[in-house]
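Engineer: Predicted model follows, preceded by the sequence.
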Amino acid sequence: MHSQTSTQKLNTTSRDLLPFIESLPDAVIIVDPEHKIVLVNTHASDMFGYPTDSLEGLDLQAIIPATHRHAHKKRVDQYFRSPNTKAMSVQKRFSGLRADGTEIPVEIMLNTIVLDGATAAMAVVRDVSYQRELEDRLIQESLTDEMTGLYNRKHFKAQLEAQHSGFIRSALPSSLILFDFDHFKNINDEYGHAAGDTVLIKAAKVVQGELRPLDIGCRIGGEEFAIILPNTQLRDAVTLAERIRDRIEKTEFRLDDSTCHITVTMGVASFTPSDQSYDSLMKRADKLLYAGKAAGRNCIISQEALAGRLGAVPQK
Ligand SMILES: Nc1nc2c(ncn2[C@@H]2O[C@H](COP(=O)(O)OP(=O)(O)OP(=O)(O)O)[C@@H](O)[C@H]2O)c(=O)[nH]1
């Protein structure tokens, strides 16, 4: 005698199944091997924005976002070839497509059933908008520096590592600007630590305002910032660094009852074939930054300067 398993097919009729699926708190969509929707509950019509019963008879593709349709169709075919009970969203984030064209984040649990004598797949679909939003917010928070809103050191390292991999794989140029505020201790000593924080927050906004969408602005230490510039040659990175240095120098930082000015010193470097890891770029940029401090601050020193081909770019 065979023991019952959780994957044993349910053998039922639409008439018997309907009250059961109507009693469930999730949307239920039953699909035949030709991908036709054969039975749904009211939650499914509501979730996807269709009048009652009008989902039935439609191709399943009608409720799949266009970008996922091809992969989803293949997955459904594969499911019918070797059906097993499984969650479709364990590794991947799924979305459904509503009648009004908006997308809804969902989790899907699939079961095979025999409905009215024919094999079908029963998808239990749960709206996970709230969880997805929370998840996105937590991910974003875990990568962000709370004070300035720039990315944090953890994200900085992960992104620089990814850029290094891209460089090794396909020689995509990437550059790094590392910078540190000059004599920041004096700001704290003169105006107080809270004022120092205000300067950092405002300077971060100045930096952010100069970046392109793909550039990654980070606060990697107390008053040490970094900008990863994907797909950017050293020359262009130096141009951007100079623009930011100049903008910060010219900014009047308004504090509670006073104002102050501050400057930054920058090290600018790009990946080279001898970089074994992202860390060597980081160390090189750090060395350049400290060479800039030694050269008198408020300046940019680029990798070429270190190689002796270009002088430092002191601004004063
Ligand atoms: N207000 C504030 N101060 C910070 C923060 N992080 C670091 N600092 C301060 O930044 C100062 C850094 O001092 P130093 O490392 O001596 O550097 P500096 O005074 O900027 O001088 P140079 O880097 O040599 O130009 C210290 O006084 C730290 O307390 C922060 O988040 N907020």
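Structural biologist: Thanks, I have it.
Engineer: And the helices in this protein, which stretches?
Structural biologist: 14-22, 42-48, 66-81, 129-143, 153-170, 184-191, 193-210, 234-250, 278-294, 303-306 (DSSP state H).
Engineer: rank those helices by mean pLDDT and give me the bottom one.
Structural biologist: Comparing mean pLDDT across the helices of the chain, the weakest is helix 303-306, with a mean of 81.
Engineer: thinking again about what came up before, CSV for the helices of the chain, including distance to the ligand and mean neighbour count?
Structural biologist: Yep, even glycine has a C-beta here, placed from its N, CA and C like the rest. CSV is the format used below for those (distance: least, CB to the nearest ligand atom, whole Å; neighbours: other CB atoms under 10 Å):
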stretch, distance to the ligand, mean neighbour count
helix 14-22, 56, 13
helix 42-48, 46, 19
helix 66-81, 42, 13
helix 129-143, 18, 12
helix 153-170, 13, 16
helix 184-191, 3, 15
helix 193-210, 2, 17
helix 234-250, 13, 18
helix 278-294, 5, 19
helix 303-306, 19, 19
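Engineer: Format these as JSON lines; extra columns: distance to Thr112.
Structural biologist: Converted to JSON lines, the helices of the chain look like this (distance: least, CB to CB, whole Å):
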{"stretch": "helix 14-22", "distance to Thr112": "14"}
{"stretch": "helix 42-48", "distance to Thr112": "18"}
{"stretch": "helix 66-81", "distance to Thr112": "8"}
{"stretch": "helix 129-143", "distance to Thr112": "26"}
{"stretch": "helix 153-170", "distance to Thr112": "40"}
{"stretch": "helix 184-191", "distance to Thr112": "65"}
{"stretch": "helix 193-210", "distance to Thr112": "51"}
{"stretch": "helix 234-250", "distance to Thr112": "56"}
{"stretch": "helix 278-294", "distance to Thr112": "47"}
{"stretch": "helix 303-306", "distance to Thr112": "60"}
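Engineer: so which of these comes closest to Ser258?
Structural biologist: Among the helices of the chain, the nearest to Ser258 by CB to CB is helix 184-191 (6.6 Å).
Engineer: Can you name the residues in contact with that closest one?
Structural biologist: 181, 195-196, 199, 223, 255, 258, 260, 262 (CB atoms under 8 Å, 6 or more residues apart in numbering).
Engineer: switch to 7 Å and redo it
Structural biologist: Here helix 184-191 makes contact (CB atoms under 7 Å, 6 or more residues apart in numbering) with 195-196, 199, 223, 255, 258, 260, 262.
Engineer: what's near enough to touch Arg219?
Structural biologist: With CB under 7 Å, 6+ apart, Arg219 has these contacts: 145, 148, 150, 152, 204, 225.
Engineer: hmm, 6 Å instead?
Structural biologist: 145, 148, 150, 225 (CB atoms under 6 Å, 6 or more residues apart in numbering).
Engineer: For burial, what's the neighbour tally of the nearest residue to Arg284 once chain neighbours are set aside?
Structural biologist: With sequence-adjacent residues excluded and distances taken as CB to CB, 6 or more residues apart in numbering, Arg284 is closest to Ala269, at 4.5 Å. Neighbour count of Ala269, defined by other CB atoms under 10 Å: 28.
Engineer: distance of Ala269 from Ile248?
Structural biologist: 20 Å (CB to CB, to the nearest Å).
Engineer: repeat for His68
Structural biologist: 44 Å.
Engineer: One more: Ala237?
Structural biologist: For Ala237 relative to Ile248 (CB to CB), the value is 16 Å.
Engineer: Ok, Thr272 next?
Structural biologist: Distance from Thr272 to Ile248, counting by CB to CB: 28 Å.
Engineer: One more: Asp59?
Structural biologist: 57 Å.
Engineer: what's the answer for Pro230, then?
Structural biologist: Distance from Pro230 to Ile248, by CB to CB: 23 Å.
Engineer: do the same with Glu210
Structural biologist: Distance from Glu210 to Ile248, by CB to CB: 10 Å.
Engineer: Now for the closest residue in space to Asn11 that isn't next to it in sequence, how many residues are close by?
Structural biologist: Sequence neighbours aside, Val114 is the residue nearest to Asn11 in space, at 4.3 Å (criterion: CB to CB, 6+ apart). Neighbourhood size, Val114 [other CB under 10 Å]: 13.
Engineer: tell me the centre residue of the chain?
Structural biologist: Compute the mean C-alpha point of the chain, and by CA atoms, centre = their mean the closest residue is Gln140, 7.5 Å away.
Engineer: Mind listing what's buried along the longest strand belonging to the chain?
Structural biologist: Scanning the chain for the longest strand, with DSSP state E as the assignment, gives strand 103-115. The neighbour-count criterion (16 or more other CB atoms under 10 Å) identifies 104-113, 115 as the buried residues of strand 103-115.
Engineer: Tell me the strands beside that strand, with direction?
Structural biologist: strand 10-12 (parallel), strand 86-87 (antiparallel), strand 94-97 (antiparallel), strand 118-127 (antiparallel) (DSSP bridges).
Engineer: mind saving the C-alpha coords of it as CSV?
Structural biologist: Output in CSV follows, covering the C-alpha atoms of strand 103-115 (Å, rounded to 0.1, in the frame of the first residue of the first chain):
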residue,chain,number,x,y,z
GLU,A,103,2.1,45.1,-10.7
ILE,A,104,1.5,43.4,-7.5
PRO,A,105,4.2,41.5,-5.5
VAL,A,106,3.0,38.0,-4.9
GLU,A,107,4.2,34.7,-3.4
ILE,A,108,2.8,31.5,-5.1
MET,A,109,2.4,28.0,-3.9
LEU,A,110,1.6,25.4,-6.6
ASN,A,111,-0.2,22.1,-6.3
THR,A,112,-1.3,19.6,-9.0
ILE,A,113,-4.9,18.6,-8.9
VAL,A,114,-7.2,16.6,-11.1
LEU,A,115,-10.1,18.9,-11.8
